[in-house]
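Peer 1: Predicted model, plus sequence, below.
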Amino acid sequence: MSDKRKEPPRFRDILEDKVKSAEQAEQREGSSERPVRPAVKATESALSLLDQPLSLFGPSLGDISAFCRQLAILLDVGIPLVRSLRILSERSQHPRLKKVAGQVASDVEEGRRLSEALARHPRVFTALLINVARIGEAGGILEPSLHRLAETMEQKLAIRKKIISACMYPVAALTVAFCVLLLILIKAIPVFASVYSEMLHADLPKITQRIIAVSRFASDYFVFYIPALILLVFVLFAIGRTAPGRYVYDWLRLRLPIMGLVNTKINVARCTRSLGNLLAAGIPLLEGLGIVSRTSENVLIGKALGSAHDNVERGGKMDEPLRRSKVFPPMVVDMITIGDEAGALDTMLLKVADIYDTDVDTALKGLTSLVEPILIVCLGGVVILIALGVLLPYFSLASSVGAE
């Protein structure tokens, strides 16, 4: 007899036993030609779900960028499109992208174009990727278009990482400072307020009265902070989903002090790099302007590029609407004009993007070094204000005791 305890059956083993028993029952009943029972189908679906890793979020920009780069490389070496998509489906680390890539491969195998297959999954593949695939297929330049698109996404991802890195310190510092301040207002100030109300017969200083009033508000309505914050975020998000709200938000992003200039450089760098890479891949100017204007993350810049597209379509030049929009800096418009006249617009656009990427990197580093002393001064001012409000009544109490 073995002393080892028998392990309890796993959930997966139980499901497998149910599948086997259901299949044996179907075979005994001679139902091999009948459709599979719903219970068997449901159990098999549950088993397939156990084989998939859990994923709460869709593919990131880095995942889509790697997908474009790898697809372009596979096509370059001569592997057919369907086989390339199957390989990416098998090798993808993200479960949702893995599944969607397999569905795209099946759609292409059935006769659909790649752009049509990608367009069936708008929550995974961006409009920029779908449009580039459509133009690339029509012009026979799918591989270089995907290569250039991957470069654009990689540069965008690099800028995004720099922005997140620059924001981490101030966000963390402000969060800690807010929590400490809230703790002081809820726990410490009421203690001083009760002491002063018992020992001082004269009116408290104005600053102390204001701090006590804020403390009482913070204590009385503490349970409403989180719901109010969630509601505020939801309302702001809902406003941003509307056309007027998004226009106002995008206008503010470009007009805010200090950060407005940085946001302008970021958006200009993204648009010029996207358009430059599309032109370098062989996509015509009109098509490139149409794609970038429709996929721009800023409504104002997209509108300016749309005006440029319409003007070029009528036989004019793209620099005139850009100059009238006052969204693009004059130096950028001048460089675009020179590149257009010299027949090297794609090279000039990529040069502008490189210059502005460098400027954004420098500006973010400067803001990071500037934020620290500003935070120290602001937090120091708050601490001094609270200290004065707490200690002034104490000085009054000490002076009254000394006079007695």
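Peer 2: Sure, I can see it.

Peer 1: Just the local confidence number for the closest residue to Arg148 other than its chain neighbours, please.
Peer 2: Among residues not flanking Arg148 along the chain, Asn277 sits closest, at 3.6 Å (CB to CB, 6 or more residues apart in numbering). The C-beta positions use only the backbone N, C-alpha and C, and glycine is treated the same way. pLDDT, Asn277: 89.

Peer 1: Give me the neighbour count for Asn277.
Peer 2: 27 (other CB atoms under 10 Å).

Peer 1: OK, contacts around it?
Peer 2: Arg148, Leu149, Glu151, Thr152, Asp346, Leu350 (CB atoms under 8 Å, 6 or more residues apart in numbering).

Peer 1: what comes up buried for the helix or strand that it is a member of?
Peer 2: When elements are assigned from DSSP states H and E, Asn277 belongs to helix 259-280. Across helix 259-280, burial judged by 16 or more other CB atoms under 10 Å covers 261-280.

Peer 1: Following the chain past it, name the next helix or strand.
Peer 2: According to DSSP H and E, the helix or strand after helix 259-280 is helix 285-295.

Peer 1: and that next one, how far from the chain's centre?
Peer 2: How far helix 285-295 lies from its chain's middle: 22 Å, per CA atoms, centre = their mean, to the nearest Å.

Peer 1: can you check stretch 278-288 too?
Peer 2: Worked out by CA atoms, centre = their mean, stretch 278-288 lies 27 Å from the chain centre.

Peer 1: What lies in contact with that stretch?
Peer 2: Residues from elsewhere that reach stretch 278-288, judged by CB under 8 Å, 6+ apart: 132, 135-136, 139, 141, 144-145, 147-149, 275, 291-292, 309, 312-313, 318, 345-347, 349-350.

Peer 1: Helix or strand for the residue nearest to Tyr196 when sequence neighbours are not counted, just tell me which one.
Peer 2: The spatial neighbour of Tyr196 that comes closest, neighbours along the chain excluded (CB to CB, 6+ apart), is Pro393 at 4.7 Å. Secondary-structure element containing Pro393, defined by DSSP H and E: helix 345-403.

Peer 1: on contacts alone, who are the packing partners of that helix?
Peer 2: helix 142-183, helix 189-199, helix 206-220, helix 259-280, helix 330-342 (3 or more CB pairs under 8 Å, 6 or more residues apart in numbering; DSSP states H and E).

Peer 1: Deepest in the core, which of the ones you listed is it.
Peer 2: When the helices and strands packed on helix 345-403 are scored by mean count of other CB atoms under 10 Å, the highest mean neighbour count falls to helix 259-280 (a mean of 23).

Peer 1: Tabulate the CA atom coordinates of that one in CSV.
Peer 2: The C-alpha trace of helix 259-280 is given here as CSV (Å, rounded to 0.1, in the frame of the first residue of the first chain):
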residue,chain,number,x,y,z
MET,A,259,3.2,72.2,-22.4
GLY,A,260,1.4,73.6,-25.5
LEU,A,261,4.7,74.1,-27.3
VAL,A,262,5.9,70.6,-26.4
ASN,A,263,2.5,69.1,-27.6
THR,A,264,2.8,71.0,-30.8
LYS,A,265,6.3,69.7,-31.5
ILE,A,266,5.1,66.1,-30.6
ASN,A,267,2.2,66.3,-33.1
VAL,A,268,4.2,67.9,-35.8
ALA,A,269,6.9,65.3,-35.5
ARG,A,270,4.4,62.5,-35.7
CYS,A,271,2.6,63.9,-38.7
THR,A,272,5.7,64.8,-40.7
ARG,A,273,7.3,61.4,-39.9
SER,A,274,4.1,59.5,-40.9
LEU,A,275,3.8,61.5,-44.2
GLY,A,276,7.5,61.3,-44.9
ASN,A,277,7.6,57.5,-44.5
LEU,A,278,4.5,57.0,-46.6
LEU,A,279,6.1,59.1,-49.4
ALA,A,280,9.4,57.3,-49.1
